[in-house]
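Enquirer: Fold the stuff below for me.
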Amino acid sequence: MNVPILMYHLVSPRPIPAFRKYTVTPGMFATQMRWLRLFGYSTITISDLIAARAGGRLPSRSVIITFDDGFKDCIDYAVPTLQAHGFRAVFYLVAGLMGKTGQWLVEERGIELPIMEWDAARRLTEKGFECGAHSMSHPRLIDLDAEACRTELLESRHRLEDQLGNAVSHMAYPYGLWNDRVRAIAVECGYQSACSTQIGLSAADDDLLALHRVPVNGQESFIDFISRLSTAFSARETLRTLVNGIPQQRKKRSK
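Expert: Residues are numbered from 1 along each chain as shown. Next up is the predicted model:
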């Protein structure tokens with residue numbers, strides 16, 4: 001079964017232009033969740049996915065909802081909607097910046113966004129949500145030497161486990177960036193899975209340490225969201241792929 005792993009960053013009623021692509025408004029998020037409920041989707045966690053890959057079973061329409069970075073507004077505007085529909089989600093947290101701001105955004109986009117406190121993260125786990133690691137400070141792991149990369153991954157896991165009181169074995173690469181060396185260090189640090197930003201549905205043979213995801217773009221339409229659920233790509237991208245494939249299919253039939 002191909003499972004869409006939806007990748008969100010921020011749900012907020014106040015989109016900042018520099019971060020608009022990564023911001024979904026509460027109204028649009030509610031519409032998306034209603035669609036999932038209406039069409040019989042069941043939310044699962046990364047742990048559920050791994051269990052299924054080891055021989056378990058998944059609901060016929062499974063979806064994983066993930067949030068990168070742990071922004072505070074997601075607690076206020078995404079979690080109540082998820083709970084209203086009985087949905088679960090996975091939050092990837094930047095362990096060294098909890099209760100602070102997303103400092104990596106200052107140089108890149110000139111903005112700061114508040115990150116949730118540890119108490120909020122603990123409440124998430126109590127409500128049945130899954131929390132994973134997103135490094136200590138959100139660096140580009142591929143640019144770090146092996147020791148610094150190991151510190152980012154191992155310390156974030158230990159900090160999360162100490163603060164949340166449960167084992168943490170799932171992570172998402174900051175910026176989605178990874179290579180063979182980073183992947184090997186993630187395994188060494190005890191992670192069973194790692195999400196990338198490679199666009200695609202997660203198939204049965206998807207690398208658990210480089211899982212494909214489906215980006216949810218705050219600048220796209222609801223039709224694009226529906227298209228991405230089944231193809232991982234926007235409606236325009238999906239249509240372009242179909243159109244480009246027609247001549248070749250006709251060519252094959254004529255042989």
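
Enquirer: As a check, name the ranges of all helices in this protein.
Expert: 26-38, 46-53, 72-77, 79-84, 104-109, 118-126, 146-164, 180-188, 222-231, 235-254 (DSSP state H).

Enquirer: Which residues are in contact with the residue lying closest to residue 63 once chain neighbours are set aside?
Expert: Nearest non-adjacent residue to residue 63, counting by C-beta to C-beta, 6 or more residues apart in numbering: residue 41, 4.8 Å away. For the C-beta atoms, the positions are set from N, CA and C on the backbone; glycine is no exception. Residue 41 makes contact with 61, 62, 63 under the criterion C-beta atoms under 8 Å, 6 or more residues apart in numbering.

Enquirer: so what's residue 101 up against?
Expert: Residues counted as contacts of residue 101 (C-beta under 8 Å, 6+ apart) are 112, 113, 114, 115.

Enquirer: among the residues you listed, who's most crowded?
Expert: Most neighbours among the contacts of residue 101, by other C-beta atoms under 10 Å: residue 115, with 24 neighbours.

Enquirer: Touching, it and residue 103? I think so.
Expert: No. At 9.3 Å, residue 115 does not count as touching residue 103 under the criterion of C-beta atoms under 8 Å.

Enquirer: where do the contact lists of the two overlap?
Expert: Taking C-beta under 8 Å, 6+ apart as the contact rule, residue 115 and residue 103 both touch residue 97.

Enquirer: could you give the mean pLDDT of stretch 115-123?
Expert: Stretch 115-123 shows an average pLDDT of 98 in the prediction.

Enquirer: Now residue 61. Nearest residue, chain neighbours left out?
Expert: Among residues not flanking residue 61 along the chain, residue 41 sits closest, at 4.7 Å (C-beta to C-beta, 6+ apart).

Enquirer: what separates that neighbour from residue 32, distance-wise?
Expert: Taking C-beta to C-beta, to the nearest Å as the criterion, residue 41 is separated from residue 32 by 10 Å.
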